[in-house]
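Asks: what's the 3D shape of this:
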Amino acid sequence: MGDLFAPQHMIWIALLFLLFFGGKKIPELMRGLGKGIREFKDAKDNVKKEIEGHINEDSTDKSSHS
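Replies: Numbering: from 1, shown residues only. The predicted structure follows:
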């Protein structure tokens, strides 16, 4: 079957994308995709900071009780 991301497959995917959505709609779709990726990254970073904050709180609580 081959690699999905082979150059010829990417060309076919791009052509199908262009046919389905048209040239005028693609920039709008890409902006939406970029915004979604940015929001996901921000949410991931916030969760990571929150978890690290709780870990730091737990470690300082344990060290202060010893």
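Asks: Going by C-alpha atoms from here, please, whenever you check contacts or count neighbours.
Replies: Fine.
Asks: From Gln8, how far off is Arg31?
Replies: Noted for Arg31: a distance of 25 Å to Gln8, by C-alpha to C-alpha, to the nearest Å.
Asks: same thing with Met30?
Replies: 22 Å.
Asks: repeat for Ile51
Replies: According to C-alpha to C-alpha, Ile51 and Gln8 sit 43 Å apart.
Asks: Also Arg38?
Replies: 29 Å.
Asks: what's the answer for Lys62, then?
Replies: Applying C-alpha to C-alpha, the value for Lys62 to Gln8 is 58 Å.
Asks: same check, this time on Leu33
Replies: Counting by C-alpha to C-alpha, the gap from Leu33 to Gln8 is 23 Å.
Asks: any chance you could map the helices in this structure?
Replies: 7-21, 26-65 (DSSP state H).
Asks: May I have the first one exported as PDB, CA atoms only?
Replies: Included here for helix 7-21 are C-alpha records, laid out as PDB according to Å, rounded to 0.1, in the frame of the first residue of the first chain:
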ATOM      1  CA  PRO A   7       4.800  12.900  -2.400                       C
ATOM      2  CA  GLN A   8       2.400  11.500  -4.900                       C
ATOM      3  CA  HIS A   9      -0.200  10.900  -2.200                       C
ATOM      4  CA  MET A  10       0.200  14.400  -0.800                       C
ATOM      5  CA  ILE A  11      -0.400  15.800  -4.300                       C
ATOM      6  CA  TRP A  12      -3.600  13.700  -4.600                       C
ATOM      7  CA  ILE A  13      -4.800  14.800  -1.200                       C
ATOM      8  CA  ALA A  14      -4.100  18.500  -2.100                       C
ATOM      9  CA  LEU A  15      -6.000  18.200  -5.400                       C
ATOM     10  CA  LEU A  16      -9.000  16.600  -3.700                       C
ATOM     11  CA  PHE A  17      -8.900  19.200  -1.000                       C
ATOM     12  CA  LEU A  18      -9.000  21.900  -3.600                       C
ATOM     13  CA  LEU A  19     -11.800  20.300  -5.500                       C
ATOM     14  CA  PHE A  20     -14.000  19.800  -2.400                       C
ATOM     15  CA  PHE A  21     -13.500  23.200  -0.800                       C
END
